[in-house]
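Novice: Return atomic coordinates for the entry below.
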Amino acid sequence: MSHANKYRPFPPVPLVDRQWPNRTITQHPIWMSSDLRDGNQSLFEPMNIERKMRMFNMLCEIGFKEIEVAFPSASKTEFDFVRGLIEGNQIPEDVTIEVLTAAREHLIRSTMESLRGVRRAIVHVYNATSQPFRDVVFGMSRTEVIDMAVTAVSLIKQLAAEQPETEWVLEYSPEAFSATELDFALEICNAVTSAWGAAPDNKVILNLPATVEVATPNVYADQIEWMHRHLARRDSVILSLHTHNDRGTAVAAAELGLMAGADRVEGCLFGNGERTGNVDIVTLALNLYTQGVDPGLDFSDINAVAHMVEQCNQLPIHPRHPYAGDLVFTAFSGSHQDAIKKGFAAQAPDTLWNVPYLPLDPQDAGRSYDSVIRVNSQSGKGGIAYLMENEYGVVMPRRLQVEFSGVVQQHVDSQGGEISAANIWRLFSAIYLDTVSPVRYREHHLFESGNLQGIRLNVEIDGVSQVLTGAGNGPIDAAVHALNSAGLSVQVRGYDESSMSKEGADARACAFIEVAHADGVNYGAGMDGNIVTAAIKALLSAVNNTNKINNIMTYK
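Specialist: Alright, predicted model coming up:
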């Protein structure tokens, strides 16, 4: 990289008496989720209406009160999703939907039409303001860019007056704010609040995005503080942040921006978004939590949130992702394991958290600490998962690897020495495949039940033969309903399957099911020549293992 001189450092902000370095964050901001808009538009395959609805419902359950649901003028799917929310009465009373539009008349008119009949809505309008956009992209002067913004806001105000049954909130973003001259950003923002008639009881959201990160987080904080101190009608403005992650510092920039005077943060749950993504709200919120600040969002079951986001976005969450990754509460290092165990032993109830290597109590996020042993080359060439796949053809899901590795470690700790591949297989079979209590599988029969799949499940429960019947959107869902009818309270969180091709295996298919229960989550596994039968066996294995994982420490 011999051309560093083609880049120039971003100039500092003229703020010699900056106050933000001496401040701390003492309360959570107003959160606005952009998962359904900014996050969605960056996907290989944008969410369909069904996936968007599942995501919307989860965001409401987490506690978001403002959700950017669509860019309704961009496509019929986006427009129809907004209409479906409104006409289907899907928006909770305490939730405000937000929609985005560019500052163009036909797009604004379509956007306002999509919101007809909504109780309350935020209309988010933007136009680009930085010098490269003005000169290179649009060929517009500063005056023309301001006129574009003011004309758009005036049109929104006019159309809003024609729908008086709706409570309207304006949001304006000077796109590429962080690369815009501050004096011009201030001028256009003041022009917008004046055109709208901003007042303390009619506040405008001024969103100041780092559309592209162009400087270190402290520079962004200086920009926010400068605007915070110079804006006209500051008491009539909600100052909002929308940081992107091009330099990998979106979370830091948002945290410093809050210290600098911002009131609100826009982002996506796990940082999904264009290029390197938006700010990661899960990380940002749980960072606050570890500093003793109530984040105002419920991430007490982070596994469920992660599962849903992976399903809706069809993107994996990195196993080392802060707080939510499958491996963030898993120590492979023996010295780390030792320090964490000693920390847990010394941690008294109802005292400040102080366990080495763990900034967050895993239980607060519905997680557990998994201390994983590394199996050496003598007993498997690299680890338990490697052995299971290469010796027995079983490809375990990542979370099952964590759960089962903990069981193996406890076995090794209690028995001493090393564990062979054959004994690992015997342990796996005892824990997952040979489970018969309280539920023993006998057989099942599938049948059609209207538009649903029906099942008659022949089982023994605590030694008593029973035939359970259920119906659902597939065999597994039907089996869940059948088991729930017997009071077993089954909640499936994940499903995986794989083919087994290793010689000596007496089954061709392996299924894995993750279930949730009062004490956490655990897996079940099933093997059979028929994948549906394997899945049902896995479901019963998971039911039987609800308490078994914690009780079985050794296998002899």
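
Novice: Ramachandran coordinates for Phe515?
Specialist: For the record, residue 515 is Val, not Phe. Note on Val515: its backbone torsions stand at phi -120, psi 150 [degrees, to the nearest 10].

Novice: How about Tyr432?
Specialist: Backbone torsions for Tyr432, taken as degrees, to the nearest 10, come to phi -110, psi -30.

Novice: where along the stretch 451-556 of the chain do the helices fall?
Specialist: 475-485, 531-551 (DSSP state H, counting those that start in this stretch).

Novice: In CSV, list those helices along with mean pLDDT, mean neighbour count and distance to Arg442.
Specialist: Every C-beta, even on glycine, is put in place using the N, C-alpha and C of the backbone. Below are those laid out as CSV (pLDDT from 0 to 100; neighbours: other CB atoms under 10 Å; distance: least, CB to CB, whole Å):
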stretch, mean pLDDT, mean neighbour count, distance to Arg442
helix 475-485, 95, 20, 13
helix 531-551, 83, 21, 10
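
Novice: need these in JSON lines with distance to Val145, can you?
Specialist: Shown next, in JSON lines, are the helices of the stretch 451-556 of the chain (distance: least, CB to CB, whole Å):
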{"stretch": "helix 475-485", "distance to Val145": "54"}
{"stretch": "helix 531-551", "distance to Val145": "58"}
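
Novice: per-residue pLDDT, Leu85?
Specialist: Per-residue confidence at Leu85 stands at 98 (pLDDT).

Novice: What count of nearby residues applies to it?
Specialist: By other CB atoms under 10 Å, the residues close to Leu85 number 23.

Novice: before we move on, which element is it in?
Specialist: Here Leu85 is covered by helix 76-87, with elements defined by DSSP states H and E.

Novice: what about Cys189, distance to His228?
Specialist: Separation of Cys189 from His228 (CB to CB, to the nearest Å): 11 Å.

Novice: More neighbours: these two, which one.
Specialist: Shown here are Cys189 and His228; by other CB under 10 Å, Cys189 has more neighbours (28 against 19).

Novice: returning to that earlier point: by contact count, what packs against the helix holding Leu85?
Specialist: If contacts are counted by 3 or more CB pairs under 8 Å, 6 or more residues apart in numbering; DSSP states H and E, helix 76-87 sits against helix 49-62, strand 66-70, strand 96-102, helix 105-114.

Novice: give me that answer again for 6 Å
Specialist: strand 66-70 (3 or more CB pairs under 6 Å, 6 or more residues apart in numbering; DSSP states H and E).

Novice: re earlier: pull out the buried residues from the helix holding Leu85.
Specialist: Neighbour counts over helix 76-87 (16 or more other CB atoms under 10 Å) mark 78-79, 81-83, 85-86 as buried.

Novice: Just put the residues you listed in CSV and tack on distance to Ile302.
Specialist: Compiled in CSV, the buried residues of helix 76-87 are given as follows (distance: CB to CB, whole Å):
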residue, distance to Ile302
Glu78, 29
Phe79, 33
Phe81, 26
Val82, 29
Arg83, 33
Leu85, 26
Ile86, 31
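
Novice: Which two among the residues you listed are spaced furthest apart?
Specialist: When CB to CB is used, the two most widely separated members of the buried residues of helix 76-87 are Glu78 and Ile86, lying 13.4 Å apart.

Novice: Next up, phi/psi of the residue nearest to Gly261 when sequence neighbours are not counted, please.
Specialist: Closest residue in space to Gly261, ignoring its immediate chain neighbours: His228 at 3.3 Å, by CB to CB, 6 or more residues apart in numbering. Per-residue torsions, His228: phi -60, psi -40 (degrees, to the nearest 10).

Novice: still on that earlier bit, nearest approach to Phe344 belongs to which of the helices of the stretch 451-556 of the chain?
Specialist: helix 531-551 (15.1 Å).

Novice: ok and that closest one relative to helix 475-485, angle-wise?
Specialist: Counting by axes from the mean of the first three to the mean of the last three CA atoms, to 10 degrees, helix 531-551 lies at 50 degrees to helix 475-485.

Novice: Counting by contacts, list what helix 531-551 packs against.
Specialist: Judged by 3+ CB pairs under 6 Å, 6+ apart, the packing partners of helix 531-551 are strand 439-449, helix 475-485, strand 509-517, strand 520-528.

Novice: repeat that with 10 Å
Specialist: Secondary-structure packing of helix 531-551 (3 or more CB pairs under 10 Å, 6 or more residues apart in numbering; DSSP states H and E): helix 398-415, strand 439-449, strand 452-461, helix 475-485, strand 491-499, strand 509-517, strand 520-528.

Novice: Pull the number of nearby residues for Ala346.
Specialist: When neighbours are counted by other CB under 10 Å, Ala346 comes out with 11.

Novice: Tell me the spacing between it and Tyr357.
Specialist: From Ala346 across to Tyr357, the span is 14 Å (CB to CB).

Novice: rewinding a little: the helix holding Leu85: how far from the chain's middle?
Specialist: 23 Å (CA atoms, centre = their mean, to the nearest Å).

Novice: In this protein, where is pLDDT below threshold?
Specialist: For the chain, the stretches flagged by pLDDT under 70 are 1-2, 332, 334, 370-383, 386, 417-418, 501-507, 547-556.

Novice: Return the backbone torsion pair for the residue nearest the centre of it.
Specialist: By CA atoms, centre = their mean, the chain has its centre lying nearest to Leu269, at 3.7 Å. The phi/psi pair for Leu269 (degrees, to the nearest 10) reads phi -50, psi -50.

Novice: Test my guess that it contacts Val305.
Specialist: Yes. Counting by CB atoms under 10 Å, Leu269 does reach Val305; the two are 6.7 Å apart.

Novice: Give me the common contacts of these two.
Specialist: Overlap of the contact sets of Leu269 and Val305 (by CB atoms under 10 Å, 6 or more residues apart in numbering) consists of 58-59, 62, 282, 297, 299, 317, 324.
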